[in-house]
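Student: whatever this is, show me its structure:
(chains A, B, C and D)
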2 protein chains.
Amino acid sequence: MAERTAQRVTSADVARVAGVSRATVSYVLNDTPGQTISPTTRTRVLDAAARLGYAPSAAARALRTGRSDVVLCLLPDWPIGPEVGSMLGNLSTALARHGFTFVVHPGNREDRPISEIWKAITPAAVIAFADFSPGEITAMRAAGVALVVALLGRGPQDRRELEMPQQLIGRRQAGHLIAAGHRKIGYAWPDDERVRIFAEPRLAGVRAECRESRVGGPASETVALDAEQATIAVRRWHAAGVTAVCAYNDEVALAVLAGVRLLGIDGPAVIGVDDIPAARLAVPALTTVTTDQAAVAAYLSATVVAAINEHPAPTLPAEALVHVIKRESA
Amino acid sequence: MAERTAQRVTSADVARVAGVSRATVSYVLNDTPGQTISPTTRTRVLDAAARLGYAPSAAARALRTGRSDVVLCLLPDWPIGPEVGSMLGNLSTALARHGFTFVVHPGNREDRPISEIWKAITPAAVIAFADFSPGEITAMRAAGVALVVALLGRGPQDRRELEMPQQLIGRRQAGHLIAAGHRKIGYAWPDDERVRIFAEPRLAGVRAECRESRVGGPASETVALDAEQATIAVRRWHAAGVTAVCAYNDEVALAVLAGVRLLGIDGPAVIGVDDIPAARLAVPALTTVTTDQAAVAAYLSATVVAAINEHPAPTLPAEALVHVIKRESA
DNA sequence: CTGTTAGCGCGTTCAG
DNA sequence: CTGAACGCGCTAACAG
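Tutor: Numbers count the residues shown, from 1 in each chain, chains lettered A, B, ... in the order given. Here you go, the predicted model:
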């Protein structure tokens, strides 16, 4: 009995079974424009491929075409929550519809230079949350990466596709509080340097909204995720006459609420970001702001696809992107 | 002025600059055993490679060797929290130390057959949370994927590396409550079919611990993430004489606490899983159980590396893996 | 020892 | 619709 060495099925196998050349197999399977293949042959090839379970080697294709259908996303090393998680899931779905395979690299950037990563993947595009260095961008371009997107960051030379949505979050928070009659706003800044990249545009949004409404600009206090420590910030706001606080996210908001409770005062109104499950279970139930992650994902997907095909970039449907969920805390 | 077409640097370029053959370049760069290269030549090659910024084409290498250094992790479509996120980060770090590139695919399995994904990546190993079908496993093996691991699942033929830690979580929860004197335990089951794969082994752990301690086995109630709805379960437990509840995770635990608060009763003790930030901020502060994600990641990494090198698999240091964080709720 | 030549792996694509 | 070459790195066989 022969050994059942499970060999990879190649286009040569398909060609042999179908009784045609490898070139023909390629033309049929790719629907190559400008090549006319008789229906009979086409069927034979398709049948053979199906019967053999043929799967083209991604490596060979990437080698030949110089580009893969993989879109790589580099995650920063801060803890990602379910919100980002669901956005990535949506993005994956959206890109899949355009024939791209979406993968995420969760490693700390310090582990190994990011060049190691895209070298191992040969992606069509790279998406990152933080900035790239100019050298990195050059190197990637040279290696055939079609598109490099930095979602957030400071470099003026970069595209920052997520900057707007983040600012919008701050604006909506402040707008909600101001509409409720508050005239002195506080900002609860996260006690984690790593999320600064998100916190900055959010605070900028709050600031802009306050300025435009001529409301006492945000009094920013750093708030750790600890009731005891949060009391310090709460006391300061209290002394400064702040009546409402925009928090970086729901967790920080919960910390503020915990601080208020600990002090036993009739604290400031609080509004969070994300609508984590714990938000609606808190006392008082937390008013918060959510982003339509599916819409963001669709926008990012469209951006990537457009750039790879050298089409103009789509515009962000900014208005409908962020919603306030009104509960008891503000 | 010539066009500055940023061409990819290939080993041929390095060979030309160094004045040697491509084979020599390969030998030097890979430290090929059994080949002795003079220090002079070696330096010349290394220098040239460095100067040109040479990066071997992963595609070509994968094509030639039939294997890439990528380890692919397929995520299920349930929301992943920071805990899993940090585990993936640790796993990435650990695998990087062994020369592997770790990527995660966050897409829903319904989007496209998973075969599309590993075909596009040609990974050395695939890790998934749920089971693979036998057909999938065969296909992957045939395509050269060295290792296929299902972390959780039911197929007896699969490796289930994470089942133990999950059961351990349940055991620790129940053990803590029993040690505190409780004699009738409840279980708060999540209202999300997708996490069943985690919930089942955890509940099994609780059940086992109860049985061994001859304690009133877990009275399981489904608890939605809503205070109002949680009261139903709390009432039932109350009527049944349950004095302490193990929750599927911290969020479910918070829902139980919210239900208790709403009823205004002197509710059961509650213990969660994960230690999310909101746990310590709750009233009462939530007692919970955490898993040492770094240890799990190290173990998984070792498993993957061992399997790829066809070494025996390591054993899981089960004992030190799960810790109780005692707060006020239990 | 030191290094070279040659051919493979597999899908794509141009000239026939 | 086919033959043949190509993209790039690896490695067996071989010459100095």
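Student: list of residues touching the lowest-mean-pLDDT helix or strand in chain A?
Tutor: Least confident helix or strand of chain A, by mean pLDDT, DSSP states H and E, is strand A:147-150 with a mean of 72. The contact list for strand A:147-150 (C-beta atoms under 8 Å, 6 or more residues apart in numbering or on different chains) reads A:124-132, A:137, A:140-141, A:158-161, A:300, A:303-304, A:307-308. Where C-beta positions appear, they are placed from N, C-alpha and C, glycine not excepted.
Student: ok, now which ones touch A:L203?
Tutor: Contacts of A:L203 (C-beta under 8 Å, 6+ apart): A:G170, A:Y187, A:W189, A:P218, A:S220.
Student: and with 6 Å instead?
Tutor: Contact analysis of A:L203 by C-beta atoms under 6 Å, 6 or more residues apart in numbering or on different chains lists A:Y187.
Student: repeat that for A:A282.
Tutor: A:L254.
Student: cool, and A:H311?
Tutor: A:H311 makes no contacts at all, as judged by C-beta under 6 Å, 6+ apart.
Student: that one: which element?
Tutor: Counting by DSSP states H and E, no helix or strand carries A:H311.
Student: for it, grab phi and psi.
Tutor: Backbone torsions of A:H311, given as degrees, to the nearest 10, read phi -100, psi 160.
Student: circling back to that earlier point, can you list which of the contacts of strand A:147-150 are found in helices?
Tutor: A:I137, A:M140, A:R141, A:L300, A:T303, A:V304, A:A307, A:I308 (DSSP state H).
Student: looking at this, A:V103 is in a strand?
Tutor: Yes. Under DSSP: H, G, I helix; E, B strand; the rest coil, A:V103 sits within a strand.
Student: who's the closest residue to it other than its chain neighbours bridged to?
Tutor: Nearest residue to A:V103, sequence neighbours excluded (C-beta to C-beta, 6 or more residues apart in numbering or on different chains): B:V103, at 4.1 Å. Beta-bridge partners recorded for B:V103 (DSSP bridges): B:L72.
Student: list the residue ranges of the stretch 51-200 of chain A that fall below the pLDDT cut-off.
Tutor: Applying pLDDT under 70 to the stretch 51-200 of chain A flags residues A:108-111, A:142, A:144, A:153-159.
Student: minimum distance to DNA strand D, which residue of it gives it?
Tutor: A:R64 (4.0 Å; C-beta to the nearest atom of the strand).
Student: what's the helix or strand for that residue?
Tutor: helix A:58-65.
Student: restricting to C-alpha, output that helix in PDB.
Tutor: Extracted in PDB, the C-alpha atoms of helix A:58-65 (Å, rounded to 0.1, in the frame of the first residue of the first chain):
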ATOM      1  CA  ALA A  58      -0.600  32.300  -1.900                       C
ATOM      2  CA  ALA A  59       3.100  32.400  -1.600                       C
ATOM      3  CA  ALA A  60       3.700  31.700  -5.300                       C
ATOM      4  CA  ARG A  61       1.100  34.300  -6.200                       C
ATOM      5  CA  ALA A  62       2.500  36.900  -3.900                       C
ATOM      6  CA  LEU A  63       6.000  36.200  -5.300                       C
ATOM      7  CA  ARG A  64       4.900  36.600  -8.800                       C
ATOM      8  CA  THR A  65       2.600  39.500  -8.500                       C
END
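Student: how about that helix, does it reach chain B?
Tutor: Yes. Shown here: helix A:58-65 in contact with chain B (C-beta under 6 Å from any C-beta of the partner chain) through A:A58, A:A59, A:A60, A:A62, A:L63.
Student: the last one against B:A62, yeah?
Tutor: Okay, so that is A:L63. No. Assessed by C-beta atoms under 6 Å, A:L63 is found out of contact with B:A62, at 8.2 Å.
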